[in-house]
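1. structural data only, the sequence is not supplied:
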């Protein structure tokens, strides 16, 4: 729902080691498809790179692309995971979205991908 | 003890992946069946959806339905879990209730259901 | 909007000294008159007693009396202050209500009364 | 820069008392006019009403109206204060905006208005 | 060392499910048998009920019964666990006592019982 | 209600300077005269000594003397202040008691004495 | 000791109102002139603008200019204040530097300027 | 490096159960053997007693015995563990030392002993 | 009680401005003159320099000089203030000592000096 | 990218025991190779020594050596781990770098080495 062509990668400087990269973006916002009101959340991306690492500025622009998209929590969490997998083909990756309360309820969604190389 | 017909679901947008959904509702209140005085707590629902996800606004209305019900901690925790299982048939689900102190004692109850598809 | 006859007082054990009494009640709930949905808040009562002190258990029952009342934040804060002034005729009193977020906005209301005897 | 016609008021239920109303909105977002990138902040509005109080849902819609506006911190803080004064003519009002870090710097802006009736 | 006849139980409303009940009592006090000075601590009881659950008000009275008893940390932790096992025959139970500092040292004691039905 | 003869003082080592001494005792307990159940609180004593300072170990024994006394918050706060004034004749002194919640309400009482020598 | 020509300003959008701007920069580093080892601190700038406001990106570059400068806490705090006064001629300004511990001691320095227009 | 004859034990009141005892001592100080300057840390001792428990007041005196000893973190952590094992022959024991920053670096050392009876 | 000749000063780089310097030393230790046991505390020194500033490394050595001195809280707080005044002749100075609990009581002592030049 | 000859070691005082050493350095800074702007982070080094331990002052100088180096998060984390392994040949070692936000995103990188002797 954002433009995946915004994503960029650079070569993993240490592909022979399985090390963990975690990026936390507390400024995610999208729009509730039911009410049209904005939603706010934090996106946490944790992965083990294979050949490619996610470039940070490009990642930010990609995440900003949801600003005016109407999408449910469950869907956007899985789409971000799918898009990032396509972009950098990680050995494994987890995407967690933590949402500000709506109707008194705050939600956390966690989707995980385990790639070819085992942990 | 609340009206389960209040609960609504929507189709899981990514049923092929086991991802975790957690909703935290800090505004739960019911009535102590012994003293008639109100109890206050936080309800945390954590689950892996199968075909259906819990709709948030409906979930809130269902939880609000306990406002004037007299029920023990042990019972209400298990009933909420049972009702939500019936409503959305999750792969697995955990309900935790965390209660404000009564007589200086604060309580946390945790009930878990493991469905057909293993973690 | 609650029953003021629930309130009870006992004689101030040290009326010759201006000392400060503060009671914090984090379990206040009422109903939004617009949406019919419950509101949750903390009520903080700070006062200097004259001849009478507020009895705690009675105070709790009085505050619980708003549980099913539909009332705006601005109104309920002032009514509680008015009712408590009537009940115990304090030298001075402040009522603060701190509300859980609604539509992403959390609110704090503060009403104060300065009686005859100066601080 | 947002639509002031979105703002609504209701009659102050206790105009004979100077009491303080504070609304905190942690979900404010606008756009940096220099870089085009989104800014995120918390808006805190503190006021003593005269004849009118700000209606909360309308206030939220008004604040959401800055979502795609390009505006500096210094300007938007003062405009919000000016718009809210026009809308509800408070006895006094303070607007504080607290911004997420940009280039490692986090900012807090505070503008205050003292109306006719003295504190 | 307290009166175990104070303890009461009620039937487990959901014996067919292994769910976890945790009660935290931050107001425990006993007496140091060496110095005669009071000790203060928090008692945390975590258990899976079998046929019976511990009644909260009775539990509080039982724990209050140590108020004037002289007893070492190591002993009182194990006695509470033994008494509660006798009272409600849980599937498993853990008692943790967390003590305020004495001579600059703060202590935490944890005793666990694993009953017939395995976790 | 405790034994004031337990209190001891020692000569102020710097009477020519008005400096502030604050002692915080988080292990205060007494008994509710209505219910017979124990109350728990923190006592904070802040004073400017004149000729005499309060000896700490003696102060502790005096405060422990309330362990089995039935007394209301309002009364015990004022009695402690009165007893300590009698014992050490301070230039000024404040006693604050902060109580663990009862019936969901937590209370803070603050009594102050301003002696001969002005602040 | 940094290059003041790096500083830039823009016109105050609301010069007719005295409002407060605060920028917090937790990434300040300079060098200890005695040991040659790096120092780390947070710089907090609080001011009321007159005709000009400090541009944030330029401010950051100016503060980064101390990275390889050897300077004592007392001196750098006053130089930053002097430089910023020269740059934007504020109605009033405060500079506070909060330093990471050296030899177990952490320091906070606060320098303030009151300009022509009184607070 | 401290006097192990200071250590005392008392009989384990419940040797038939493997329960965990943890003592936290935030007032440990020794001397850096390189600079002669004092070091400050917290010592956490966690163990399962066999026949004997460590007496607390004696333990404190033993730990105070390092006050004027020059010793590296790595060495003192292991010596304390060795001395306590000798003193009370625990089933298992862990000693953790957490040190205040030196040169900006704070350190945590953790040494563990697993005795005859397995966990 | 420590060696005041350890203290060193350097010229105030901005004597024409009254700015505030605060040093916090969380590693203070002395000995209780009654029990012979060590005391631990944090010393906070806040001052406005006149011609001279306190050199930090020398200040640390001076404060370390109390390590084996037996002295009451009330006395040591005032002596440190007196010694530092003598060393650097500040316009004004405050010394606060915050002590770890003894017998469950934690203490804070605050002594202040106002010199020739008024605040 | 820093000078590995700065690193020093000393003999492990207890090589017969596998104990864990953790050093946390919150004052790491390097330069972004893309923007030329400084980056700030915390480096946490956790290891089990074999024959040699890392000397702390030397470790600090080595980490300070990155101050003016342009290097990506992913690369510097792995280089530090490689350099420290070369220097002290640990049984196992983990290096974690936690970075201050850039463009709203804060990152944590974790690289681990498991040496000859298994955990």
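-> That came in fine, so what should we check first? Keep in mind that this is a model prediction, so the values were computed, not measured.
2. and the helix or strand that contains residue A:108, what does it pack against?
-> Using DSSP states H and E, residue A:108 sits within strand A:106-114. Strand A:106-114 is packed against helix A:73-88, strand A:92-99, strand B:20-31, with contacts defined by 3 or more C-beta pairs under 8 Å, 6 or more residues apart in numbering or on different chains; DSSP states H and E. In this view, the C-beta of every residue, glycine as well, is placed from N, C-alpha and C.
3. need the ones you listed in JSON lines (columns: mean neighbour count).
-> Conversion of these to JSON lines gives the following (neighbours: other C-beta atoms under 10 Å in any protein chain shown):
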{"stretch": "helix A:73-88", "mean neighbour count": "20"}
{"stretch": "strand A:92-99", "mean neighbour count": "22"}
{"stretch": "strand B:20-31", "mean neighbour count": "20"}
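4. residue contacts, residue A:71?
-> Applying C-beta atoms under 8 Å, 6 or more residues apart in numbering or on different chains, we find residue A:71 in contact with A:1, A:30, A:31, A:33, A:79.
5. how many residues are close by the residue lying closest to the fourth one once chain neighbours are set aside?
-> Read that as residue A:33. Leaving aside its chain neighbours, residue A:33 sits nearest to residue A:70 (3.7 Å; criterion: C-beta to C-beta, 6 or more residues apart in numbering or on different chains). Using other C-beta atoms under 10 Å in any protein chain shown, residue A:70 has 15 other residues around it.
6. so how far is residue D:63 from residue A:70?
-> Here the distance between residue A:70 and residue D:63 works out to 20 Å (C-beta to C-beta, to the nearest Å).
7. near chain J at all, stretch A:74-82?
-> No: using C-beta under 8 Å from any C-beta of the partner chain, stretch A:74-82 stays clear of chain J, with a minimum separation of 13.8 Å.
8. pull the residues that contact that stretch.
-> A:1, A:30, A:43, A:45, A:63, A:66, A:69, A:71, A:93-97, A:109-113, B:12-14, B:17, B:19, B:21, B:49, B:53.
9. can we see that at 7 Å?
-> A:1, A:30, A:43, A:66, A:93, A:95, A:97, A:109, A:111, A:113, B:12-14, B:17, B:19, B:21, B:53 (C-beta atoms under 7 Å, 6 or more residues apart in numbering or on different chains).
10. stretch A:93-109 too?
-> A:39-47, A:73-74, A:76-77, A:80-81, A:84-85, A:110-113, B:19, B:21-27, B:56-57, B:59-60, C:100-101, C:104, D:27.
11. distance of the residue most central in space within chain A from residue J:101?
-> The centroid of chain A falls nearest to residue A:80 when counting by C-alpha atoms, centre = their mean (4.4 Å). Using C-beta to C-beta, residue A:80 is found at 19 Å from residue J:101.
12. just residue A:86 next, same as before
-> With distances taken as C-beta to C-beta, residue A:86 is found 26 Å from residue J:101.
13. and what of residue A:53?
-> 18 Å.
14. who has more neighbours out of these two?
-> With neighbours defined as other C-beta under 10 Å, residue A:53 and residue J:101 compare such that residue A:53 has more, 23 against 19.
15. and the more buried one, its phi and psi?
-> Backbone torsions of residue A:53, given as degrees, to the nearest 10, read phi -110, psi 150.
16. surely it touches residue A:7?
-> No: using C-beta atoms under 7 Å, residue A:53 is not in contact with residue A:7, being 11.4 Å away.
17. what about residue A:33, how many neighbours?
-> Neighbour count for residue A:33, taken as other C-beta under 10 Å: 12.
18. so it touches residue A:68, yeah?
-> No: the criterion here is C-beta under 7 Å, and residue A:33 misses it with residue A:68 at 11.8 Å.
19. shared neighbours of these two, anything?
-> By C-beta under 7 Å, 6+ apart, no residue touches both residue A:33 and residue A:68.
20. is chain J within reach of stretch A:14-26?
-> Yes: legend: contact between stretch A:14-26 and chain J by C-beta under 7 Å from any C-beta of the partner chain is shown at A:14, A:17, A:19, A:20, A:21, A:22, A:23, A:24, A:25, A:26.
21. farthest pair in the residues you listed?
-> The largest separation in these, counting by C-beta to C-beta, is between A:17 and A:26 at 28.7 Å.
22. would you turn the helices and strands packed on strand A:106-114 into TSV with mean pLDDT?
-> Shown next, in TSV, are the helices and strands packed on strand A:106-114 (pLDDT from 0 to 100):
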stretch	mean pLDDT
helix A:73-88	98
strand A:92-99	98
strand B:20-31	97
